[in-house]
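Engineer: Model the structure of this input:
(4 chains)
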There are 2 protein chains.
Amino acid sequence: MKKISESTVRRLSLYLRFLQEAAERGLDTISSDELAQRGGTTSAQVRKDLSLFGSFGKRGLGYSVPELVRELREILGLDQSWRVALVGAGKIGSALFSYRDFQQRGFHIRAVFDSDPAKVGAAWGGLRVRHDEEMDRALAEEQIDIVIVAVPAEAAQGVVDRVVDAGVRAILNFAPIRLRVPSTVSLRNVDMAVELEGLAYSIHQR
Amino acid sequence: MKKISESTVRRLSLYLRFLQEAAERGLDTISSDELAQRGGTTSAQVRKDLSLFGSFGKRGLGYSVPELVRELREILGLDQSWRVALVGAGKIGSALFSYRDFQQRGFHIRAVFDSDPAKVGAAWGGLRVRHDEEMDRALAEEQIDIVIVAVPAEAAQGVVDRVVDAGVRAILNFAPIRLRVPSTVSLRNVDMAVELEGLAYSIHQR
DNA sequence: CTTATCTTGTGAATTCTTTCACAAGACGGA
DNA sequence: TCCGTCTTGTGAAAGAATTCACAAGATAAG
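Structural biologist: So this is what the prediction gives:
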């Protein structure tokens, strides 16, 4: 399969979200143009993105909403549920843990780790916060697919190295630091400081 | 001034972060190559990014760390402090509020709003959570530069419309929805669902 | 059946970003 | 001062992503 750019994948995810809303509203057909409006892009872009995976539309009509939902879920790998672990039981970790959306979309948090003895043992939902030291073994035992890193910047690289050694192939990082991972591992960063600074830049420019 | 791409601004922000670490470690000179390693890019990219704003380096030597820190802070608009408001006093809002990094980088939260009467009045740091209805007036009174939106998806567009009407020109959105704003307003999205789905896509692809 | 109206799928053109590659300086040592 | 070694700054080249523009298919109405 040809290489798909990160921006395309991002957009597919947005299309899917809007299609699901459309499905709830009972729409059963949608055009690339309507999809584009909500995704903040153009109809040509939508068609090009989708055409990388097949031709799902009907000329003159548009796309069948339920069908395209099905296709996109399959393309993105959302027709299965994913086993997620959260490392860092601080404020951000806790906010992420109770973020209902993840669950809904098939991302299930199966384990929470922290290095602070004061936090270890606490009950989080049906889980118990486990000590950091258990992590390496537990990631394998629980067959974790994705790890969310929500520890301070200083600790993040160490955590990630261990996570990678444990065989995890996908990491979502919230620590404000650029992590090194082997090219076989997928890494996404959520970096609030960078975003804020980008905003500062744009207002600063008048 | 020529138009600078969003990816360039993102990278500048990363360079600055690394330069500040370097400064703390006492380094006073750094090459585009060292800067590139940490930013996960190439030396040519670093030089091109910087050259959009001037020539800050010395051939044969590299860049003066303190000087480049100063320049980047000025370019990004970080040589001033920014007045931030937070809308949404839920889990995410609360995590963001206590995120020390923002403060450190000159982003000061001056007001917190929520529509839930149960939350209004609560003391957050030195602030008191205010009712949503006060928002429109308060944004102007407090001369807010940047608004962070941390409300549920259904409420986000309504909040943003009011924020825009109140004259705010920069918004950081955490709600999982694509917001519409006039082109005069800068908007950045932090969309954790999209990031997770991107990771799902990449492992799913084998 | 024919015509008018839609909207897709997709090569080609365009625009934007990144990488290459090298002349121009800067420094240190002899 | 001259030479060897660095590393910047930047046009030019290459590569990616987006947009254009239109033929081809689908439907509906007369």
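Engineer: rest of the way, CA atoms for contacts and neighbours
Structural biologist: Fine.
Engineer: Closest to the centroid, which residue in chain A?
Structural biologist: Taking Cα atoms, centre = their mean, the centroid of chain A lies closest to residue A:172, which sits 7.1 Å from it.
Engineer: Residue A:129 looks like it's in a strand, true?
Structural biologist: Yes - according to DSSP: H, G, I helix; E, B strand; the rest coil, residue A:129 belongs to a strand.
Engineer: for it, what are its contacts?
Structural biologist: A:89, A:111-114, A:119-123 (Cα atoms under 8 Å, 6 or more residues apart in numbering or on different chains).
Engineer: Show me what the helix or strand hosting residue A:193 is packed against.
Structural biologist: Element membership of residue A:193 [criterion: DSSP states H and E] is helix A:192-204. Applying 3 or more Cα pairs under 8 Å, 6 or more residues apart in numbering or on different chains; DSSP states H and E, one finds that helix A:192-204 makes contact with helix B:6-24, helix B:65-76, strand B:170-173, strand B:186-189.
Engineer: contact partners of the first one?
Structural biologist: Judged by Cα under 8 Å, 6+ apart, the contacts made with helix B:6-24 from elsewhere in the structure are A:194-195, A:197-198, A:201, B:28, B:35, B:38-39, B:49-50, B:65-66, B:68-69, B:72-73, B:76.
Engineer: what does the second one give?
Structural biologist: For helix B:65-76, contacts defined as Cα under 8 Å, 6+ apart pick out A:197-198, A:200-201, A:204, B:9, B:12-13, B:16, B:19-20, B:22-23, B:27-30, B:53, B:56, B:79.
Engineer: Which residue is it, in chain A, that comes closest to DNA strand D?
Structural biologist: The minimum distance from chain A to DNA strand D, using Cα to the nearest atom of the strand, falls at residue A:60 (3.2 Å).
Engineer: okay but residue A:108 is in contact with residue A:102, surely?
Structural biologist: Yes - look at residue A:108 against residue A:102 with Cα atoms under 8 Å: they come within range, at 7.0 Å.
Engineer: Counting neighbours, which bits of the helix-or-strand element of chain A with minimal mean pLDDT end up buried?
Structural biologist: One helix or strand of chain A scores below all others by mean pLDDT, DSSP states H and E: helix A:100-104, with a mean of 89. For helix A:100-104, a neighbour-count test (16 or more other Cα atoms under 10 Å in any protein chain shown) marks residue A:102 as buried.
Engineer: Determine how far it lies from the middle of the whole chain.
Structural biologist: In this view, helix A:100-104 has its centroid 11 Å away from the chain centroid, taken as Cα atoms, centre = their mean, to the nearest Å.
Engineer: ok, that helix near chain B or not?
Structural biologist: Yes - applying Cα under 8 Å from any Cα of the partner chain, one finds helix A:100-104 touching chain B at A:101-102.
Engineer: CA atoms only: put that helix into CSV for me.
Structural biologist: Extracted as CSV, the C-alpha positions of helix A:100-104 are listed here (Å, rounded to 0.1, in the frame of the first residue of the first chain):
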residue,chain,number,x,y,z
ARG,A,100,-15.3,9.5,27.8
ASP,A,101,-14.7,10.0,24.2
PHE,A,102,-11.7,7.6,24.1
GLN,A,103,-13.8,4.8,25.5
GLN,A,104,-16.5,5.5,23.0
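Engineer: can I get the contacts of residue A:129 in TSV with pLDDT and distance to residue B:187?
Structural biologist: Output for the contacts of residue A:129, formatted as TSV (pLDDT from 0 to 100; distance: Cα to Cα, whole Å):
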residue	pLDDT	distance to residue B:187
A:89	98	29
A:111	98	34
A:112	98	32
A:113	98	33
A:114	98	33
A:119	98	36
A:120	98	38
A:121	97	40
A:122	97	37
A:123	97	37
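Engineer: Distance check, residue A:63 against chain B.
Structural biologist: Plainly put, residue A:63 is 21 Å away from chain B if you go by Cα to the nearest Cα, to the nearest Å.
Engineer: Make sure residue A:113 is indeed in a helix.
Structural biologist: No - Residue A:113 is assigned strand when assessed by three-state DSSP, not a helix.
Engineer: Just list the residues touching it, thanks.
Structural biologist: A:85-89, A:120, A:129-132, A:135.
Engineer: again with residue A:197
Structural biologist: Residue A:197 neighbours (Cα under 8 Å, 6+ apart): B:13, B:76-78.
Engineer: Return the distance of it relative to residue B:189.
Structural biologist: 13 Å (Cα to Cα, to the nearest Å).
Engineer: hmm, back to that, which of the contacts of residue A:129 sits closest to chain B?
Structural biologist: Distance to chain B across the contacts of residue A:129 (Cα to the nearest Cα) is lowest for residue A:89, with 11.5 Å.
Engineer: if we can go back for a sec, mind giving me a markdown table with the contacts of residue A:197 and columns for distance to residue A:95, neighbour count and pLDDT?
Structural biologist: Listed next are the contacts of residue A:197 as a markdown table, based on distance: Cα to Cα, whole Å; neighbours: other Cα atoms under 10 Å in any protein chain shown; pLDDT from 0 to 100:
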| residue | distance to residue A:95 | neighbour count | pLDDT |
| --- | --- | --- | --- |
| B:13 | 25 | 24 | 98 |
| B:76 | 29 | 23 | 98 |
| B:77 | 30 | 20 | 97 |
| B:78 | 28 | 19 | 97 |
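Engineer: Could you save those as TSV and add columns showing distance to residue A:98?
Structural biologist: As requested, the contacts of residue A:197 are exported to TSV (distance: Cα to Cα, whole Å):
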residue	distance to residue A:98
B:13	30
B:76	34
B:77	35
B:78	33
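Engineer: Export those as TSV, with columns for distance to DNA strand D.
Structural biologist: Output for those, formatted as TSV (distance: Cα to the nearest atom of the strand, whole Å):
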residue	distance to DNA strand D
B:13	17
B:76	17
B:77	20
B:78	21
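Engineer: Out of those residues, which is nearest to residue A:149?
Structural biologist: residue B:13 (20.8 Å; Cα to Cα).
Engineer: SS state for residue A:94?
Structural biologist: helix.
Engineer: if I look at it, how far off is chain B?
Structural biologist: 8 Å.
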